[in-house]
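**Q** give me the fold of what follows.
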Amino acid sequence: MYRSHRGSCGRRRAFTLIELLVVIAIIAILIGLLVPAVQQVRSAAARSTCQNNLKQIGLAMHNYHDTYKRLPTGWVTGLNPTTGAVVAPSPGWSWGILICPFIEQNPMYVSLAPDIVTPGAPPPPAGIIITSIAVFVCPADGTPQLNPNFASYAKTNYVINRWVLGPDSSSRPTMMTLQGITDGTSNTLLAGERDMTVNVAGSSLIRHNNTSASFEGRVGRGLNPQPAAGATFTTGSEQRLAYNSQHTNGCNFVFADGAVHFLSNSVDADPNDAYTNFPTVNSYNFTLQRLQNPRDRLPVTLPNF
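**A** Numbering: from 1, shown residues only. So this is what the prediction gives:
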């Protein structure tokens, strides 16, 4: 006689509450292990992209040098041919517009037609002038592409070493060449980072009249100064000129030889050097001050990169 076994063999055994809780706990542990790993991968990718941006900026400045036999100026100023007086429009064009033809942005350069022979003021923020340029933006700084600190011009996360590109403290053009960097191009900062998460970042094409922080950075008392919890630096604070980043424990820099290095926050700097100061002889016992000055003729012991 045929007897069905469906009732005994076809019935599925359900999870018990304890088994379900164990599975949930295992999943929670795996997520806890996975999330930091994903964050580390993202951080590493952002740092790598940032370094590639700086490599492109360094290469563009070298190509500019090959073309014009000098480095681009940080802020486009000039001298009146009749009186010799300084012509320094503020707002005015910055180094970012000068290297546009060398970072595949020649159409933008042609459209804007910057007056760099007889320096003139840029047009007001509108249209193409507020277009974000990818090579000027660090992906670790997840802030808007327009910079409200500088009339909502397009943001840049990279600012230059004014002691190399100029202009000088009187806003006179310096016309620096690579050969004029007597300390050696491998021992001299060319450009570095500044974020807009805690600091003011910069303006990609413009030297804004709020502050020269819109185009340049200074080492001051050290890298990555931090405001009070929940606060940000403003265009009125001296730290606006500092180098900052959203990378862990330091900032990326391109040196004058075109090499890109990550400098740790622990690199020594003059504790009494305000970010608003130009370098003084009293600062030359410190690594960051020596890296900033292209002609102090003092040896530099570079940190391990």
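**Q** tell me where the stretch 51-200 of the chain has strands.
**A** Along the stretch 51-200 of the chain, the stretches classed as strands by DSSP state E, counting those that start in this stretch are 78-79, 86-87, 92-93, 146-147, 153-156, 158-161, 189-193.
**Q** can you count the residues close to Asn157?
**A** Asn157 has 28 neighbours, counted by other Cβ atoms under 10 Å. Where you see a C-beta, it was placed from the backbone N, CA and C, and this is true even at glycine.
**Q** same thing with Gln51?
**A** With other Cβ under 10 Å as criterion, Gln51 counts 18.
**Q** what's the neighbour count on the nearest residue to Phe102 once chain neighbours are set aside?
**A** The shortest distance from Phe102 to any non-neighbouring residue, by Cβ to Cβ, 6 or more residues apart in numbering, is to Ala60 (3.7 Å). When neighbours are counted by other Cβ under 10 Å, Ala60 registers 23.
**Q** Pro167 too?
**A** Per other Cβ under 10 Å, the neighbour tally for Pro167 reads 22.
**Q** again, but for Cys251
**A** The burial count for Cys251: 25, using other Cβ under 10 Å.
**Q** over to the one 4 residues further on?
**A** A total of 23 residues lie near Phe255 under the criterion other Cβ under 10 Å.
**Q** how far away is it from Gly96?
**A** As for Phe255, its distance to Gly96 is 19 Å (criterion: Cβ to Cβ, to the nearest Å).
**Q** what pLDDT is listed against the residue nearest to Phe102?
**A** We have a pLDDT of 98 for Ala60.
**Q** so Leu263 sits in a strand?
**A** Yes - under DSSP: H, G, I helix; E, B strand; the rest coil, Leu263 sits within a strand.
**Q** longest helix in the protein, please.
**A** Taking DSSP state H as the assignment, the helix of the chain that covers the most residues is helix 17-68.
**Q** the stretch 151-300 of the chain: helices as residue ranges?
**A** Using DSSP state H, counting those that start in this stretch, the helices of the stretch 151-300 of the chain run over 162-165, 287-292.
**Q** can you put the ones you listed in a markdown table and add distance to Ile24, mean pLDDT and mean neighbour count?
**A** Below are these laid out as a markdown table (distance: least, Cβ to Cβ, whole Å; pLDDT from 0 to 100; neighbours: other Cβ atoms under 10 Å):
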| stretch | distance to Ile24 | mean pLDDT | mean neighbour count |
| --- | --- | --- | --- |
| helix 162-165 | 57 | 96 | 25 |
| helix 287-292 | 51 | 94 | 24 |
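**Q** which one of the ones you listed lies closest to Gly222?
**A** Of all these, helix 287-292 sits nearest to Gly222, with 6.8 Å by Cβ to Cβ.
**Q** shaky segments in the chain?
**A** Applying pLDDT under 70 to the chain flags the ranges 1-15, 34-41, 279-283, 303-305.
**Q** on that earlier part again, and the angle for the longest helix of the chain with strand 189-193?
**A** 150 degrees (axes from the mean of the first three to the mean of the last three Cα atoms, to 10 degrees).
**Q** so what does helix 17-68 touch, helix or strand wise?
**A** If contacts are counted by 3 or more Cβ pairs under 8 Å, 6 or more residues apart in numbering; DSSP states H and E, helix 17-68 sits against strand 158-161, strand 189-193, strand 250-255, strand 260-264.
**Q** out of these, nearest to Thr143?
**A** The closest of the helices and strands packed on helix 17-68 to Thr143 is strand 189-193. By Cβ to Cβ, the value is 13.0 Å.
**Q** each with direction, which strands does that closest one pair with?
**A** Taking DSSP bridges as the criterion, strand 189-193 forms sheet pairs with strand 158-161 (antiparallel), strand 250-255 (antiparallel).
**Q** hmm, back to that, Ala121: which of the strands of the stretch 51-200 of the chain is closest?
**A** Using Cβ to Cβ, these put strand 92-93 closest to Ala121, at 6.0 Å.
**Q** neighbouring contacts of that closest one?
**A** 75-77, 114-116, 119-122, 205-207 (Cβ atoms under 8 Å, 6 or more residues apart in numbering).
**Q** OK, contacts around Pro167?
**A** 73-75, 77, 88, 173-174.
**Q** hmm, I was thinking of Asp183
**A** Asp183 sits in contact with 290, 293-298, 300, where contact means Cβ under 8 Å, 6+ apart.
**Q** closest to Leu241 among these?
**A** Distances from Leu241 to the contacts of Asp183, taken as Cβ to Cβ, are shortest for Asn293 (15.7 Å).
**Q** one step back: can you pick the most crowded of the contacts of strand 92-93?
**A** Arg207 (32 neighbours).
**Q** in contact with that one, which residues?
**A** For Arg207, the contacting residues are 74-76, 90-94, 214-215, by Cβ under 8 Å, 6+ apart.
**Q** which of those residues sit farthest apart?
**A** Gly74 and Pro91, at 13.8 Å, using Cβ to Cβ across the contacts of Arg207.
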